[in-house]
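Peer 1: Structure for this input, please:
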Amino acid sequence: MLIKTRMLKSISYYFMKLISMKQKLLSLYKQPFSNEIRRLYVKWKRELNTIIDTTVRKVVEFLYNKGVSLIKVGYPKNISQKKG
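Peer 2: Just a heads-up that it's a prediction; the model follows:
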């Protein structure tokens, strides 16, 4: 199963653009930060987490339906050194 990260990237660009526009407005008034920017960061993080969580849930459900009972998570050490 492949995960398309294009959607995550586009959401990140959208929120970074919004945040930078708000920061430009704040700099005109010599204010370092605002609650609106804080809310944008929270909303951005929530949207990314939602997409990642649903993708993980779909993968686990797919594997469960295929009969997989054990899933190991992590980087398999020394696998890149083995041939085949």
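
Peer 1: use CA for all of it now, contacts and neighbours both
Peer 2: Noted.

Peer 1: Tell me which residue lies nearest the centroid of the chain.
Peer 2: L48 (3.8 Å; Cα atoms, centre = their mean).

Peer 1: Where does that one fall, secondary structure wise?
Peer 2: Assigned by DSSP states H and E, L48 falls within helix 35-65.

Peer 1: tell me which residues of that helix are tucked away?
Peer 2: Residues 37, 40, 44, 55 are the ones in helix 35-65 that count as buried (16 or more other Cα atoms under 10 Å).

Peer 1: And stretch 20-39, by the same measure?
Peer 2: Using 16+ other Cα under 10 Å as the test for burial, stretch 20-39 gives 22-23, 37.

Peer 1: Tell me the secondary structure at Q31.
Peer 2: When classified by DSSP: H, G, I helix; E, B strand; the rest coil, Q31 comes out as coil.

Peer 1: Now do the same contact list for it.
Peer 2: With Cα atoms under 8 Å, 6 or more residues apart in numbering as the criterion, no residue contacts Q31.

Peer 1: Which neighbouring elements make contact with the helix holding L48?
Peer 2: helix 6-28 (3 or more Cα pairs under 8 Å, 6 or more residues apart in numbering; DSSP states H and E).

Peer 1: roughly how far is the helix it packs on from the heart of the chain?
Peer 2: 15 Å (Cα atoms, centre = their mean, to the nearest Å).

Peer 1: Can we start the residue count at 19 from this point?
Peer 2: OK, 19 is where the count begins now, so the last one is helix 24-46.

Peer 1: can you redo the buried residues of helix 53-83 as TSV with pLDDT and distance to Y47?
Peer 2: Listed next are those as TSV, based on pLDDT from 0 to 100; distance: Cα to Cα, whole Å:
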residue	pLDDT	distance to Y47
I55	94	15
L58	96	19
W62	96	25
T73	89	42
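
Peer 1: Any chance of the residues you listed in a markdown table with distance to G92 as columns?
Peer 2: Shown next, in a markdown table, are the buried residues of helix 53-83 (distance: Cα to Cα, whole Å):
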| residue | distance to G92 |
| --- | --- |
| I55 | 34 |
| L58 | 32 |
| W62 | 26 |
| T73 | 17 |
